[in-house]
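1. below are the sequence and a predicted model for it; my questions follow.
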Amino acid sequence: MLKDYVVINNVLSEPEILVNLSKNLSYIKNFEHVNLSGIQLLDNNFIETPNWKGFRSPPLHEVDNELQHYVFNEMFFKIFKGRNVSYEVTSHLHFLSGNNQSNYKKANWWHQDLNCIFAGLIYLSPNPPKNSGTNFLLNNDSICVENTFNRLIFYRSDIFHRPQKGFGTSVDDARLTLTFFINKLSFF
C-alpha cells in the first residue's frame, strides 16, 4: 500500500480555509496538552509526556468536525486514487516560529510518532523560506521534503523525521501546518 511516504502538491482545493481558521484559534505548548501520548527520539529516549516544537490548536474535529471530514476525504481521495477509506484521525493546526529554536534540549529532534500507524502534515505557509521543510531518515540517508504551500507529506509513523526550522514570530507569519496522526485506516 504505502512504502515509506507520499508527497502530493496542491492537495486541497481550498487550503485558505485552514489558513484563515488558524488566525482565530488558541494555541498551546506541548506540556499543556493532556490527551496526547509521547514520541520516540532517535537516541532511544522515550518521552511519555506530549512533546513537540511550537504550538498546536485544539484538535480540528473539536473546532470544526465537518471541516476535518472535508479535508481528510479530499486528501485520501488523492492519496489512494479514489478508493473509499474509513479512518480515525487526530489533527491540529500547528505553528513553529523562529523563536522556538533554542527552547529544546534536543537540537536535532529526530523522532518517531507513536500510537498511530501513519502521520503527516500539509504545509500552509504561503511564502515559506528555504530549508523550513521536513527531513526524513531512511536507510541512514536524510531526505528533505521542502516546505511548499498546500503540499502534503503522508508517511509511516515509524520513520524518524524532524522539522528543519521554524520562522516568523506568530501564527500569522510562522511555519504553519496541519499536522495529523492516523490511528486506523481501512478500505471498503
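-> Perfect, thanks for sending it.
2. can you pull out the helices in the chain?
-> Assigned by DSSP state H, the helices in the chain fall at 16-22, 60-79.
3. now those helices in TSV, with mean pLDDT and distance to Ser186?
-> Heads up, the C-betas are built off the backbone N, CA and C, glycines and all. Converted to TSV, these look like this (pLDDT from 0 to 100; distance: least, CB to CB, whole Å):
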stretch	mean pLDDT	distance to Ser186
helix 16-22	98	26
helix 60-79	96	11
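4. for Arg175, find the nearest of the ones you listed.
-> helix 16-22 (11.7 Å; CB to CB).
5. got the buried residues for that closest one?
-> Neighbour-count burial for helix 16-22 flags Leu18, Val19, Leu21, Ser22 (criterion: 16 or more other CB atoms under 10 Å).
6. now do stretch 159-172
-> Residues of stretch 159-172 classed as buried by neighbour count (16+ other CB under 10 Å): Ile159, Phe160, His161, Arg162, Pro163, Gln164, Lys165, Gly166, Phe167, Gly168, Val171.
7. now do stretch 123-141
-> Buried residues in stretch 123-141, defined by neighbour count with 16+ other CB under 10 Å: Tyr123, Leu124, Ser125, Pro128, Ser132, Gly133, Thr134, Asn135, Phe136.
8. what residues are up against the residue nearest to the fifth one when sequence neighbours are not counted?
-> Right, the one you point to is Ser132. What sits nearest to Ser132 in space, not counting adjacent residues and going by CB to CB, 6 or more residues apart in numbering, is Asn147, at 4.4 Å. Counting by CB atoms under 8 Å, 6 or more residues apart in numbering, Asn147 touches Tyr123, Ser125, Pro128, Ser132, Gly133, Thr134, Gln164, Arg175.
9. per-residue pLDDT, the fourth one?
-> By that I understand Ser132. Ser132 is assigned 95 on the pLDDT scale.
10. skipping its backbone neighbours, what lies nearest the residue nearest the centre of the chain in space?
-> The centroid of the chain falls nearest to Thr179 when counting by CA atoms, centre = their mean (2.5 Å). Of all residues beyond its chain neighbours, the one nearest Thr179 is His94 (4.4 Å), with distances taken as CB to CB, 6+ apart.
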